[in-house]
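Engineer: predicted model and sequence below, questions to follow.
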Number of protein chains: 2
Amino acid sequence: MLSQTVIKRLKEIVGEKNFVTGKADLFPYTYGFCTLLSGDPLGVVSPQTTEQVVELVKYLNEHNIKVIPRGAGTNVIGGTIPAEESVVISFTRMNKILEIDTENFVTVVQPGVVNFDLQLELEKRGFYYPPDPSSAKVATLGGNLAESSGGARCFKYGVTRDYILGVEVVLPNGKVINTGGRNFKSEPGYDLTRILNGSEGTLGLVTKIILRVLPLPMARRMMLAVYDKVEDAAQTVDGIFAAGIAPATLEMLDNFFINTTEDFCPTGIPRDAGAALIIEIDGYPEDMNEQVRIIGEITRKAKARDFKIARSMGEVEQILTPRKVGFGSIASITPSYSINDIAVPRSNFSQAFAGIKKIAKDLNVKIGVLAHAGDGNFHPFILYDQRNKEEVERVHAAEQALCEMALSFSGTITGEQGVGIAKRKHLDKQFKPEAMEAFRKIKRSFDPQNRFNPGKIFDS
Amino acid sequence: MLSQTVIKRLKEIVGEKNFVTGKADLFPYTYGFCTLLSGDPLGVVSPQTTEQVVELVKYLNEHNIKVIPRGAGTNVIGGTIPAEESVVISFTRMNKILEIDTENFVTVVQPGVVNFDLQLELEKRGFYYPPDPSSAKVATLGGNLAESSGGARCFKYGVTRDYILGVEVVLPNGKVINTGGRNFKSEPGYDLTRILNGSEGTLGLVTKIILRVLPLPMARRMMLAVYDKVEDAAQTVDGIFAAGIAPATLEMLDNFFINTTEDFCPTGIPRDAGAALIIEIDGYPEDMNEQVRIIGEITRKAKARDFKIARSMGEVEQILTPRKVGFGSIASITPSYSINDIAVPRSNFSQAFAGIKKIAKDLNVKIGVLAHAGDGNFHPFILYDQRNKEEVERVHAAEQALCEMALSFSGTITGEQGVGIAKRKHLDKQFKPEAMEAFRKIKRSFDPQNRFNPGKIFDS
């Protein structure tokens, strides 16, 4: 509980209505999306300027109160749920696009800008920002930075890490520093920008972000291939890369997702297909036809049942529909689901998919799979009913088994969603004790009192 | 001076002939290439395995002896020159390519592998490693990582940072950790891989590197444009980007380098030209002609005196010659030169070039400029005679003025060569004291005794 003195002061800093402690106001901040994690923050404070953030950090430090930075809260790892008693600092009011510099391919934003809102503004100027997590319509760029978010375009275009040029950040001691800048090349000294990227709000509160943006590609082509078996889809992916083509998108749906999305919003993919592959290429207009031809040949060689090329924007939308409604389609058939996020080197794709199926069978849980196939990044969705405690145990066992299986194939426990609370106990399976100690030392060097998002990533 | 006991033990660890202390043996390690920095290491030890590196670090720790890791020593910042009494650990014997995995676009190398040697092996398999510093034929990949080296292909393809997937590293406490892995997406926890990248050997000794590689482009086209003025070349660069074309190479020579390279190895560029631009595009065969046509139009609009498209491998070589012999061409006309490495956002290119010319005039020094024009990255070469003490003072003043000028245009004191000793005193012009303190805290968290490459980047 916060004292009346503290409440009064916090309201003074941000304005009466921008600090809330009431039960109803706090409700949205008490649960972790797609996890069963929950916790009650002491209050939620919404600053609008860097100066206010500094004042908040200094004042909360004096009272030894911990903080959780939060964007839209779309993370699926409990990253913005209190692991310890904390005040949430919400960045949703710091949502201004400060500058779009099309000459230098740079934009400067506040952390609360929604990814999609930036895309809209950029598009008007013929530009875009490549990282496009599935949550892009809601998620903030500050949150994207905290998790180094990816999306569908990663193989060709990279993740958030590759587009962050610099930040303004409030450190746990209340000092403000600027890292990086507007230059594409390296920054001198240690790479503070990329230490903060993916640090899940545990090292600093980012109050300004300098991003690299790109001109919109001049041409795109969307394709769909349907297969009897996931192995055939994987063979197609390998074939495309071997042909020297880097597609912008290579998204896979398994039989489960083909069926749930057909139920929800039918586009005509056969119900008995083992896998569907959504393939998009982009680039210069002149090379599109030849690449489409090569990809068509590769899919035929990989025994695709069907290969379709979109001939209109309507057909592009139709091909993309199953991927877009994937999340929504399962919400209507299960009370709860757990989203997982493992990645393996691409050559282990088929084996890892078989591993997922085996885990589902062994632990008697229902798992559907969406995958960024070009990155070897799987999102296994485990369906369950949270009221069934015994089932919940099996789901947690499956989550753990997925991480272990990924590691056994030289993979990682998270490709693009982060660690948070949900995967905290798995991190030391990926890293040796000496590396875990290096993480802790970095945390202590930034935040010796463990005040910023405590209990996330690892036990400090 | 090392005691006989220490010398004996070091020789036991690496073998008699792999530890040297004699004056003649140490000579190549006593000077900093293209700087006037010098210093005498206590000895040079050349391990061949990670285990030997661990043994060395532990033993030297016990005797409180500091170490300098070194690849080929081609850095131009005094990065491998002793700033304090130290033993040099040379990685040139750890020069094995351990694995080339063309399926996953990954290679695993020891740090002493020469960049160019890797390229040759990759090329046989249809692949390449994009970062290509000018020193690629000599420089090691470990050294490239220490400086996050760039080269001519950065705008389109990025720097070393963007290709390092993970490392094995011996920490100052003698522990070995593995960071990252073989996955393209982010690593969980803090991004240790990219903290080490560009850390100039001050945080750990990298003993293995996992790199991302790419398939060779299917087609390339080389062009040369010649201008009266640097501003016209800059307008061409802006025009190419505005047209949505991302060239692989955009190298600029100023009038000074046009003349020195014509003297050295004539290719027919007019002596009175203000700038020459070497432009290379790569990609799919089908889009080459159209891009060449667009670039030709842009150069004409920017008042190019001449625009040439290479029609044969011989003509490609001819166009590249001035860039390739740039360094060599000035060695024959000056006893000494200082290579600088500033970068600015591209829109400030012409102003920064004018700034360089003004510094040359104001301080009465001779400066020639090579530039990675697409990155806004200038290499001003200052020519001088090191026997003229008064001139040396003016050269140092010019080096400082170049850094300050770059910063005044939102630039950086180093684009791709690092800080080392040479730029150590300028770092706090780019970063606030609070950021400098963050650097120091990171250093202390890895290396509390300040034993790894002390005195580099900043004063610890």
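Structural biologist: Yep, that arrived. Numbering: from 1, shown residues only, chains lettered A, B, ... in the order given.

Engineer: stretch A:336-351 near chain B at all?
Structural biologist: Yes - Stretch A:336-351 reaches chain B (C-beta under 8 Å from any C-beta of the partner chain) through A:Ala343, A:Val344, A:Pro345, A:Arg346, A:Ser347. Using the backbone N, CA and C atoms, a C-beta is placed for each residue, glycine as well.

Engineer: what about the nearest residue to A:Leu10 once chain neighbours are set aside, neighbour count?
Structural biologist: Distance criterion C-beta to C-beta, 6 or more residues apart in numbering or on different chains; nearest residue to A:Leu10, sequence neighbours excluded, is A:Phe19 at 4.6 Å. A:Phe19 has 25 neighbours, counted by other C-beta atoms under 10 Å in any protein chain shown.

Engineer: and what of A:Gln48?
Structural biologist: Around A:Gln48 sit 17 other residues, with neighbours defined as other C-beta under 10 Å.

Engineer: would you agree it is in contact with A:Phe91?
Structural biologist: No - counting by C-beta atoms under 8 Å, A:Gln48 sits too far from A:Phe91 to count as a contact (9.6 Å).

Engineer: what do the two both touch?
Structural biologist: Residues touching both A:Gln48 and A:Phe91 by C-beta atoms under 8 Å, 6 or more residues apart in numbering or on different chains: none at all.

Engineer: so after whatever helix or strand A:Gln291 lives in, what's the next helix or strand?
Structural biologist: Using DSSP states H and E, A:Gln291 falls within helix A:288-301. Downstream of helix A:288-301, the first helix or strand assigned by DSSP H and E is strand A:306-309.

Engineer: pull the CA atoms of the helix or strand that that following strand is followed by into PDB?
Structural biologist: Using DSSP H and E, the helix or strand that follows strand A:306-309 in sequence is helix A:313-331. What follows is helix A:313-331, C-alpha atoms only, in PDB (Å, rounded to 0.1, in the frame of the first residue of the first chain):
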ATOM      1  CA  MET A 313      -5.200  -7.100 -53.700                       C
ATOM      2  CA  GLY A 314      -8.300  -9.100 -52.800                       C
ATOM      3  CA  GLU A 315      -6.400 -12.400 -53.400                       C
ATOM      4  CA  VAL A 316      -3.500 -11.100 -51.300                       C
ATOM      5  CA  GLU A 317      -5.900 -10.400 -48.500                       C
ATOM      6  CA  GLN A 318      -7.400 -13.900 -48.900                       C
ATOM      7  CA  ILE A 319      -4.000 -15.600 -48.700                       C
ATOM      8  CA  LEU A 320      -3.100 -13.600 -45.600                       C
ATOM      9  CA  THR A 321      -6.400 -14.200 -43.800                       C
ATOM     10  CA  PRO A 322      -5.500 -17.500 -42.100                       C
ATOM     11  CA  ARG A 323      -2.400 -16.000 -40.700                       C
ATOM     12  CA  LYS A 324      -4.200 -12.800 -39.600                       C
ATOM     13  CA  VAL A 325      -7.100 -14.600 -37.900                       C
ATOM     14  CA  GLY A 326      -4.900 -17.300 -36.400                       C
ATOM     15  CA  PHE A 327      -5.000 -15.900 -32.800                       C
ATOM     16  CA  GLY A 328      -8.700 -15.000 -33.000                       C
ATOM     17  CA  SER A 329      -9.700 -18.300 -34.400                       C
ATOM     18  CA  ILE A 330      -8.700 -20.300 -31.400                       C
ATOM     19  CA  ALA A 331     -10.100 -17.900 -28.800                       C
END
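
Engineer: show me what the very next helix or strand once past helix A:313-331 is packed against.
Structural biologist: Per DSSP H and E, the first helix or strand lying C-terminal to helix A:313-331 is strand A:336-339. The contact analysis (3 or more C-beta pairs under 8 Å, 6 or more residues apart in numbering or on different chains; DSSP states H and E) places strand A:336-339 against strand A:377-384.

Engineer: hmm, who's touching the strand it packs on?
Structural biologist: So strand A:377-384 is in contact with A:150, A:154, A:330, A:333-344, A:352-353, A:356, A:365-372, A:391-392, A:394-395, A:398-399, A:402, A:406, A:415-416, B:183, B:185, going by C-beta under 8 Å, 6+ apart.

Engineer: any chance you could map the strands in the stretch 51-200 of chain A?
Structural biologist: Along the stretch 51-200 of chain A, counting by DSSP state E, counting those that start in this stretch, strands occupy A:66-70, A:86-90, A:97-101, A:106-109, A:127-128, A:164-170, A:176-178.

Engineer: strands paired with the helix or strand hosting A:Val44, and their directions?
Structural biologist: Per DSSP H and E: A:Val44 is located in strand A:43-45. Sheet pairing of strand A:43-45 (DSSP bridges) gives strand A:19-20 (antiparallel), strand A:86-90 (parallel).

Engineer: and A:Ile319, how close does it get to chain B?
Structural biologist: For A:Ile319, the distance to chain B (C-beta to the nearest C-beta, to the nearest Å) stands at 23 Å.

Engineer: swap that for A:Gly239, sorry
Structural biologist: Using C-beta to the nearest C-beta, A:Gly239 is found at 11 Å from chain B.

Engineer: where does chain A have low pLDDT?
Structural biologist: In the predicted model of chain A, no residue satisfies pLDDT under 70.

Engineer: can you give me the domain assignment for it?
Structural biologist: Each domain of chain A is listed here as a residue range: A:4-90, A:97-215, A:219-408, per automatic domain parsing.

Engineer: and these, which is most packed in?
Structural biologist: Of the domains of chain A, the one with the most neighbours on average (mean count of other C-beta atoms under 10 Å in any protein chain shown) is domain A:97-215, at a mean of 22.

Engineer: now do the strands in the stretch 351-460 of chain A.
Structural biologist: Using DSSP E, counting those that start in this stretch, the strands of the stretch 351-460 of chain A run over residues A:366-372, A:377-384.

Engineer: okay if I get those strands as CSV plus distance to A:Glu434?
Structural biologist: Converted to CSV, these look like this (distance: least, C-beta to C-beta, whole Å):
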stretch, distance to A:Glu434
strand A:366-372, 31
strand A:377-384, 27
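
Engineer: which residues of the stretch 51-200 of chain A lie near chain B?
Structural biologist: Neighbours of chain B within the stretch 51-200 of chain A, by C-beta under 8 Å from any C-beta: A:101, A:103-106, A:126, A:147-148, A:150, A:154-155, A:158-162, A:171, A:175-179, A:181-192, A:194-195, A:197-199.

Engineer: ok, now with 6 Å
Structural biologist: A:103-104, A:148, A:150, A:159, A:175, A:177, A:182-186, A:188-191, A:194-195, A:198-199 (C-beta under 6 Å from any C-beta of the partner chain).

Engineer: the stretch 251-400 of chain A too?
Structural biologist: Residues of the stretch 251-400 of chain A found near chain B (C-beta under 6 Å from any C-beta) are A:Tyr284, A:Glu286, A:Asp287, A:Glu290, A:Ala343, A:Pro345, A:Arg346, A:Ser347, A:Asp375.

Engineer: closest to B:Gln235 out of those?
Structural biologist: Distances from B:Gln235 to these, taken as C-beta to C-beta, are shortest for A:Tyr284 (22.5 Å).

Engineer: A:Ile281 should be in a strand, yeah?
Structural biologist: Yes - according to DSSP: H, G, I helix; E, B strand; the rest coil, A:Ile281 belongs to a strand.

Engineer: show me what contacts it?
Structural biologist: A:Arg221, A:Pro247, A:Gln291 (C-beta atoms under 6 Å, 6 or more residues apart in numbering or on different chains).

Engineer: I'd like the distance between A:Thr299 and B:Lys366.
Structural biologist: Per C-beta to C-beta, to the nearest Å, A:Thr299 is found 61 Å from B:Lys366.
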